[in-house]
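Enquirer: Need coordinates for the following:
(one chain, ligands or ions: 3)
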Amino acid sequence: MILVSCYAYSRYFQLYFRVFDTTNDNEYYFHTMISENNKNKNSKSSGRWTASRQSILDIFKKTGEHLTAEDVFMHVKRAGLTMGLATVYRNLEFLKDQGLIKRYQFGEGRAKYELSSEEEHHHHLICTGCLEVRDYSEFVERELKLIQDIQRELSDKYDFEIDSHQLHFYGECNSCRKK
Ligand SMILES: [Zn+2]
Ligand SMILES: [Zn+2]
Ligand SMILES: [Zn+2]
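Expert: Ligands and ions are numbered 1, 2, ... in the order given. Below you'll find the model as predicted:
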């Protein structure tokens, strides 16, 4: 039996297919681009959809966390997969260029990655004590109006086309303050 799973990433106009052949346990991955615009956006990296790329994506789906390349490497090892740190880096960059994960510089020296979410726009609370990164999205409704106003004015004033923003708040979490 052939099982086909399809993942659609609407923002990047891509469809990912995972084909699983139950007769010999073989897995194949491939993706298709159904937009011409897409070519420019993803010019930085190319390549096949591989099992190692899928397993890294699965790690993000399972943990739902913000992970450094080293964190991902630990998860990969724990899962018994053979993938060197350099390959993890390359795969993370590939997934980022494909728009499937996001890379953040939270100012701790190392980049952190997280799964791109289509539905939920969120911001971050970052504890400078334990480096914990927390997502929040409670105020997005209120933010929308304010940010859109500011974006519009910024665009006009600097003739700059804004397509996204990030917002991180830094401070100390409850348990770090108690220490
Ligand atoms: Zn926002
Ligand atoms: Zn903390
Ligand atoms: Zn986040």
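Enquirer: Please count neighbours and contacts with C-alpha atoms only from this point.
Expert: OK.
Enquirer: Please enumerate residues in contact with stretch 103-122?
Expert: Residues outside stretch 103-122 that contact it (CA atoms under 8 Å, 6 or more residues apart in numbering): 9-11, 57, 60-61, 64-69, 96, 99-102, 126, 131, 135-137, 140, 168.
Enquirer: While we're on residue 37, how confident is the model there?
Expert: Confidence at residue 37, expressed as pLDDT, is 40.
Enquirer: Return the residues of the chain in contact with ligand 2.
Expert: 127, 129-130, 173, 176 (CA under 5 Å from the ion).
Enquirer: ok, of these, which one's closest to residue 82?
Expert: residue 130 (29.9 Å; CA to CA).
Enquirer: C-terminal to the helix or strand bottoming out on mean pLDDT in the chain, what's the next element?
Expert: Here the helix or strand of the chain ranked lowest by mean pLDDT, DSSP states H and E is helix 38-41, holding a mean of 42. Using DSSP states H and E, the next helix or strand after helix 38-41 towards the C-terminus is helix 51-63.
Enquirer: Which elements pack onto that next one?
Expert: strand 26-33, helix 69-78, helix 85-97, strand 111-115 (3 or more CA pairs under 8 Å, 6 or more residues apart in numbering; DSSP states H and E).
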